[in-house]
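Student: One predicted model, sequence on top.
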Amino acid sequence: MTEQLQVTLSQLQCELVAERNLVNPDGISWLQYDILSLLKSEAKLPKQLSQHLGITKTKLSKNLTKLHELNYIIQIPAQIDRREMVTDLTIKGRQFLSQTDNKHQELSNEAQTCFTHDEQEQFIKLSQKLVMTLRESRLSSEQ
């Protein structure tokens, strides 16, 4: 059973990555996607982004540089302290997130077609349990 679970999780991960790649022509990394997602609601200072993501300023800076080169973000001096740069999405960045949201909806539609109502509820509960376990494990190992 353990081996079958491992194989199934690996296959699911591969399928989800393959689906993601259909709307990711520039090869945006998971971290870069998380950065873009955080900017969806409002522009932020790098300090806010690094705190929310739990990453170093150096790691954030490298990823912001890449997103800027790809024209997904724009950075402008903050009004209060002109030395700080406020990061916001460009039109291309917003379009990327919109396409990704549409792909998420397509995947949801596929799951609704594939699973009965009871299976959907079970899948949601089990997936949420695994997500929380993985997140807690990762956060505790980072401390």
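Tutor: Now that the structure is in, tell me what you want to look at.
Student: make it CA atoms for all contacts and neighbour counts henceforth
Tutor: Fine.
Student: Can you give me every residue that contacts residue 38?
Tutor: For residue 38, the contacting residues are residue 49, by CA atoms under 8 Å, 6 or more residues apart in numbering.
Student: any idea which element it lies in?
Tutor: Using DSSP states H and E, the element containing residue 38 is helix 30-39.
Student: Next, the buried residues of that helix.
Tutor: Judged by neighbour count using 16 or more other CA atoms under 10 Å, the buried positions of helix 30-39 are 32-33, 35-36, 38-39.
Student: Could you dump these into CSV with pLDDT added?
Tutor: As requested, the buried residues of helix 30-39 are exported to CSV (pLDDT from 0 to 100):
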residue, pLDDT
32, 97
33, 94
35, 97
36, 97
38, 95
39, 97
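Student: Tell me the one among those residues nearest to residue 97.
Tutor: Proximity of these to residue 97 (CA to CA) peaks at residue 36, which lies at 7.6 Å.
Student: tell me how far the strand or helix carrying residue 122 is from the chain's mean position?
Tutor: Assigned by DSSP H and E, residue 122 belongs to helix 117-142. In this view, helix 117-142 has its centroid 16 Å away from the chain centroid, taken as CA atoms, centre = their mean, to the nearest Å.
Student: in this protein, which ranges drop under the pLDDT threshold?
Tutor: Segments of the chain classed as low confidence (criterion: pLDDT under 70) are 142-143.
Student: quick one, helices of it?
Tutor: In the chain, the segments counted as helices under DSSP state H are 2-21, 30-39, 46-53, 57-69, 91-114, 117-142.
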